[in-house]
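> need coordinates for the following:
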Amino acid sequence: MSQAPAPPSLDSDVQTIASRQKSLLVCILIYLLTIVGQFVVPAEVRPLLAVGVLVVGLVAMVFVFLLATKLYGIGIGILLGLLTLIPLVGLIILLAVNARATHTLRRNGIEVGLLGAKMP
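Numbers count the residues shown, from 1 in each chain. Alright, predicted model coming up:
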């Protein structure tokens, strides 16, 4: 008889949330830099910056989906991932999911700084 796999341990979930949160923080940083970049770069370069924004949006969507499925469940993860693609709403979703991840990590005794969780 084959035995069903054991559910992931809390430590495994916390480590997964911590690593995905760090990726999400990088997406937030790049998203904010591209917004500022729109006002700094010359008009000829803005289309290239727009492509970068699209790529960051897609990557952020994936990380929001992965993190939100751990925090909220699959249905909400899909919804939040899709909402991430809407300009400005995406930034709000990124910040909201990051805040929930920070709360979850702190509730589990993990120290969270500006750059994410400080895992032992």
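
> mind telling me what element the residue nearest in space to the middle of the chain is part of?
Nearest residue to the geometric centre of the chain (CA atoms, centre = their mean): residue 24, 2.9 Å. With secondary structure defined by DSSP states H and E, residue 24 is part of helix 10-40.

> skip the chain neighbours and tell me the closest residue to the residue nearest to the centre of the chain.
residue 63 (5.0 Å; CB to CB, 6 or more residues apart in numbering). (Glycine included, C-beta is placed from N, CA and C.)

> helix or strand right after the helix holding residue 24?
Next element after helix 10-40 (DSSP H and E): helix 46-71.

> average pLDDT for that next one?
Mean pLDDT, helix 46-71: 90.

> between the helix holding residue 24 and helix 46-71, how many degrees?
Angle between the axes of helix 10-40 and helix 46-71 is 160 degrees (criterion: axes from the mean of the first three to the mean of the last three CA atoms, to 10 degrees).

> among the helices and strands of the chain, which has the poorest mean pLDDT?
None of the helices or strands of the chain scores lower by mean pLDDT, DSSP states H and E than strand 116-117, at a mean of 82.
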